[in-house]
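Participant: When you get a sec, could you give me coordinates for this:
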Amino acid sequence: MTSKTTFLMFAAALMLAAPVAQAEEMKIGYIDIQKAIQGTSAGKKAKSDLEKEFNAKNSEFQKRQADFKKMGEDLEKKKLALSDEARAKKAQELQGEFMKLQKDMGESQLGMQKKEAEALKPIVEKLEKAIDKVAKDGGYTMILEKGQQSVVWAKKDLDLTDTVVKEFEKTTK
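Facilitator: Numbers count the residues shown, from 1 in each chain. Now for the predicted structure:
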């Protein structure tokens, strides 16, 4: 072997070993934010409050849908007795009611999404602080969010969700 070949083999071995040494120094964990939110007392309360409001709105819309259905059935029963003009007018009224119901349901859904975001914002901010503390105390290089697009697979012992929830609960007492 020539000295040039020996040098190239040595350099290649060093280059292959360097990333392995660096990777061992990194400490990575992940957290499931949704699970963490649902695991906190504040998250459970926010979820409960939102569900109560959602159920109340849902009951209201179910009643309105039942009323709409009854109006449609009444029109169907009376259609032979009504003139073409009266039947068209009733059908138009029914269509207007349907459009209003759909609009109100859409607005309600957007309103609920906004309320959910507002309720979760302070929880997420506190979770970020808890994540920061867990990361610093644990000497983590990186903490990833376990979501549909980020962590596809990881060892269970890298999951810091429960640790972060415990840290969150310490700061809220």
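Participant: how near is residue 137 to residue 29?
Facilitator: 12 Å (CB to CB, to the nearest Å). Using the backbone N, CA and C atoms, a C-beta is placed for each residue, glycine as well.
Participant: hey, what's in contact with both of these two?
Facilitator: By CB atoms under 8 Å, 6 or more residues apart in numbering, residue 137 and residue 29 have no common neighbours.
Participant: And these two? Which one has more around it.
Facilitator: Between residue 137 and residue 29, counted using other CB atoms under 10 Å, residue 29 has the larger neighbour count: 23 against 10.
Participant: tally of neighbours for the residue lying closest to the more buried one once chain neighbours are set aside?
Facilitator: Ranked by CB to CB, 6 or more residues apart in numbering and with sequence neighbours excluded, the top spatial neighbour of residue 29 is residue 160, at 4.3 Å. The number of residues packed near residue 160 is 23, by other CB under 10 Å.
Participant: Phi, psi for the residue nearest to the spatial centre of the chain please.
Facilitator: The centre of the chain sits closest to residue 34, judged by CA atoms, centre = their mean, with a distance of 6.1 Å. With angles defined as degrees, to the nearest 10, residue 34 sits at phi -60, psi -40.
Participant: Could you check how far it is from residue 76?
Facilitator: For residue 34 relative to residue 76 (CB to CB), the value is 45 Å.
Participant: repeat for residue 141
Facilitator: Going from residue 141 to residue 76 by CB to CB gives 68 Å.
Participant: With residue 67 instead?
Facilitator: Distance, residue 67 to residue 76, by CB to CB: 15 Å.
Participant: Then residue 69?
Facilitator: For residue 69, the distance to residue 76 - CB to CB - is 11 Å.
Participant: shouldn't residue 146 be in contact with residue 29?
Facilitator: No: between residue 146 and residue 29 there is no contact under CB atoms under 8 Å: 10.0 Å.
Participant: Touching both of those two, which residues are there?
Facilitator: Residues touching both residue 146 and residue 29 (CB under 8 Å, 6+ apart): residue 159.
Participant: Helices along the chain, start to end?
Facilitator: Secondary structure of the chain, counting by DSSP state H: helices at 3-25, 33-39, 41-78, 84-138, 161-172.
Participant: any chance of those in TSV, plus distance to residue 151?
Facilitator: Formatted as TSV, the helices of the chain follow (distance: least, CB to CB, whole Å):
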stretch	distance to residue 151
helix 3-25	17
helix 33-39	11
helix 41-78	21
helix 84-138	14
helix 161-172	11
